[in-house]
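Sequence first, then the predicted structure, then my questions.
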Amino acid sequence: MLASYRVGVRPQKHLFDVELALDGLDAKDTLPLELWMASWTPGSYLIREYARHVQDLRAETKDGRALPLVRATEDSWRLDAQGEASVRVRYSVYAFDLTVRTSHLDETHAYANGAALFLTSDALLERPVSVRLEMPAGWRTETALLPEPGTEDHSDGHSAGHYRAATFDELCDSPIHSSPNDRLEEFTVAGVPHRLCVWGHGNEELAALTKDAQSIVEQAALLFGGLPYQRYLFLTLLTDRGRGGLEHRSSATLLSPRFGFRPDKSRQEFLLLVAHELFHAWVVKRLRPATLLPYRFRTENLTRLLWFFEGFTSYYETLLVARAGLITPARLLELWGERMTQLARTPGRKVQSLEEASLTAWVKYYRPDENSANSAVSYYLKGSLVALALEGGRAFGANERGLPEDAVLKAAEGLAGGPLPAVAAAIRETGDPDYGALASLGLRARLRTRDATADKGGSKARSEREPGAYLGLALKPDRLTVQTVFSDGPAERAGLSPDDELLAADGYRLTPDACSLRLEQLPAGTKTQLTYFRRDELRQTTLTVGERPLDTYWLERVETPTDAQKAAFLSWAGSALP
């Protein structure tokens, strides 16, 4: 059986029009044939039910005679093509969700993830397919898919809209972007061509971003001893909100706020995202959990190892950017202090282990709610801090093997020459990472109370005043509505709940700007009368403010670092110990 897709677009309706042609069917292919849509896309561990966007599905013979096609399940259809050698299945996909894991189509561009676009069958998963794109005149397509032989545009080596994929996995792993106004830059590392494609405009400087991306790739090539792909595409979407990335074997999609490239810290967030998704070309796309070999596109693929695959990637993203000279050593240490602080302020770290966080990503991490901070921990965040506590382990290679669920801890213990009880507790139980190993880099972790609500840690206290009040809640941005009530804190003891709207304290009106400032100035132990709305019902409660906890970290160098410590830091960060 030969399969090919043809894809057209109706931008004003946000509809992709897809035709799946099946030729050379035989009896074993047609008794009957179950066609289905994927329910998730690798790298984003949430059932997204892509079938809900499929409409106008129909099937016919090559000469136009209708064939029976009935819905079998929420994500599949049964095609009765008995005795037919060729079938055409036509359908449309609504695409108006601009994220890295879905699809979006309007008059400015077409962005498609294969899992959300292409109907398939078990019989097609390991078969090669071709894809013909029929885009509006003047639109140019960027994708990691290789051109169908004989269809290259010899002026630049690109396909004239006809591509091929060896398997359904490759098809899903190669997002497609087409637009009349993409901006492109190219560079080469270790003889491998790379392209930076940017859709949208903001305060980015494309030439500078390209130079920075090249520096990051060069550091990754040094770390791993080469590049695992034949070409690579950084597909960058600039929009009004949102930030995120999704890794692929030979490309990455990066979503960034259009004005998110200034100031420097905001720009650095984008560069960390570049490094993170690039690192996945080795770790996740070539080395991945054994339980995800092969991907099963219609159901959850469970592993206890996301803390390693995402956490260690989050660790190395900082080192790639630092070694590329794109953040200073001082900023590198500040960043790690901020991460330590973020973990220390997450009550859920005492409730959920890293392995459990990995296993339940499908129902917890990707579906956060107002209680997530109390009941869960980020495997990205804590996983990266476990890597830091291990001083990153050592540089490692990646191959196509599946990684057993217990392999990472065993490897760490092998390097250490014996058991690592603190590391095991941080992974399998709810223990905190032990940062004592940072002494080998000439560093030590320091702990203090926070200066104010906006204090993210990462540096010494900015004031010498006495510790102020702790309320035990977080407000929604620019509002007086409670977002989170932290476990065992003053707000919880006062009976406050998420979505309560604060109105006044001790009879005086609260405003978003003044709320935290006023209440945090109260001495610990002070009782304050809060007036608030709960579901439009006016209520009052007495809140006794607490002392700010010791939950704010920063890193500093040891008083007299040795030559060995200085050398270790230089090797680690790519620059001298500050």
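Happy to help now that I have it. If you're wondering where the values come from, they're calculated on a predicted model, not measured in any experiment.

how far away is residue 451 from residue 445?
18 Å (CB to CB, to the nearest Å). C-beta coordinates here come from the backbone N, C-alpha and C atoms, glycine included.

Disregarding residues adjacent in the polypeptide, which is nearest to residue 71?
residue 77 (5.4 Å; CB to CB, 6 or more residues apart in numbering).

could you say which helix or strand contains the one you found?
Assigned by DSSP states H and E, residue 77 falls within strand 76-79.

Give the pairing partners of the helix or strand that that strand is followed by; include direction for each.
Where DSSP H and E defines the elements, the next helix or strand beyond strand 76-79 is strand 86-94. When sheet partners are counted by DSSP bridges, strand 86-94 sits next to strand 15-23 (antiparallel), strand 54-61 (antiparallel).

Pull out the buried residues from strand 86-94.
Neighbour-count burial for strand 86-94, counted by 16 or more other CB atoms under 10 Å, picks out 86, 87, 88, 89, 90, 91, 92, 93.

So which elements touch the strand or helix carrying residue 382?
Per DSSP H and E: residue 382 is located in helix 379-389. When contacts are defined as 3 or more CB pairs under 8 Å, 6 or more residues apart in numbering; DSSP states H and E, helix 379-389 packs onto helix 306-309, helix 311-323, helix 329-344, helix 354-359, helix 421-428.

switch to 6 Å and redo it
Applying 3 or more CB pairs under 6 Å, 6 or more residues apart in numbering; DSSP states H and E, one finds that helix 379-389 contacts helix 306-309, helix 311-323, helix 329-344, helix 354-359.

can the ones you listed go into TSV with extra columns for distance to residue 266, mean pLDDT and mean neighbour count?
Below are the helices and strands packed on helix 379-389 laid out as TSV (distance: least, CB to CB, whole Å; pLDDT from 0 to 100; neighbours: other CB atoms under 10 Å):
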stretch	distance to residue 266	mean pLDDT	mean neighbour count
helix 306-309	26	97	28
helix 311-323	14	97	24
helix 329-344	13	98	20
helix 354-359	28	98	23
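
among the ones you listed, which is nearest residue 549?
helix 329-344 (8.3 Å; CB to CB).

okay, how far is it across stretch 124-137, tip to tip?
This stretch, stretch 124-137, spans 31 Å end to end (CA to CA, to the nearest Å).

Please identify the buried residues of it?
Neighbour counts using 16+ other CB under 10 Å place 124, 129, 130, 131, 132, 133, 135 of stretch 124-137 among the buried residues.

Now intersect those residues with the strands, please.
The strands, defined by DSSP state E, take in 129, 130, 131, 132, 133 from the buried residues of stretch 124-137.

Secondary structure element for residue 542, which one?
Residue 542 is part of strand 537-544, with elements assigned from DSSP H and E.

What strands line up against the helix or strand just after that strand, and which way round?
Next in sequence after strand 537-544, counting helices and strands by DSSP H and E, comes strand 546-547. Strands that pair with strand 546-547, judged by DSSP bridges, come out as strand 469-470 (antiparallel).

Tell me the helix or strand right after the partner strand.
strand 473-475.

That next one - contacts with which helices or strands?
Against strand 473-475 (3+ CB pairs under 6 Å, 6+ apart) you get strand 482-485.

can you pull up the bridge partners for the spatially closest residue to residue 58 that is not a sequence neighbour?
Nearest non-adjacent residue to residue 58, counting by CB to CB, 6+ apart: residue 90, 5.6 Å away. Per DSSP bridges, the residues bridged to residue 90 are residue 19, residue 58.

Flag the shaky bits of the stretch 1-150 of the chain, pLDDT-wise.
The stretch 1-150 of the chain contains no residues with pLDDT under 70.

which residues of it fall in helices?
Here the stretch 1-150 of the chain has no helices by DSSP state H, counting those that start in this stretch.

Name the single longest helix found in this structure.
helix 206-224 (DSSP state H).

avg pLDDT for that helix?
In this model, helix 206-224 has an average pLDDT of 97.

Other residues contacting that helix?
183, 185, 187, 189-190, 196, 227, 271, 274-275, 278, 282, 320, 323-324, 326, 395 (CB atoms under 6 Å, 6 or more residues apart in numbering).

Ok, stretch 35-46 next?
47-51, 75-77, 79, 101, 113, 115, 119, 121, 246-247, 295, 297-298, 361-362, 366.

roughly how far apart are the residue nearest to residue 85 when sequence neighbours are not counted and residue 363?
Spatial nearest neighbour of residue 85, excluding adjacent residues (CB to CB, 6+ apart): residue 25 at 5.6 Å. Distance, residue 25 to residue 363, using CB to CB: 39 Å.

Those two - which one has more neighbours?
residue 25 (19 against 12; other CB atoms under 10 Å).

ranges for the strands of the stretch 151-300 of the chain?
152-153, 158-159, 162-165, 176-179, 183-189, 192-199, 232-239, 244-247, 251-257, 288-289 (DSSP state E, counting those that start in this stretch).

closest one to residue 488 among those?
It's strand 244-247; of those, that one is closest to residue 488 (CB to CB) at 32.2 Å.

per-residue confidence for the closest residue to residue 549 other than its chain neighbours?
In space, and not counting its chain neighbours, residue 549 is closest to residue 470: 6.4 Å by CB to CB, 6+ apart. Residue 470 carries a pLDDT value of 91.

Residue 470 reaches residue 551, doesn't it?
No. Using CB atoms under 6 Å, residue 470 is not in contact with residue 551, being 9.3 Å away.

who has more neighbours, these two?
Legend: neighbour count by other CB under 10 Å for residue 470 and residue 551, higher for residue 470 (22 against 19).

Report the contact partners of the more buried one.
Residue 470 neighbours (CB under 6 Å, 6+ apart): 546, 547, 548.
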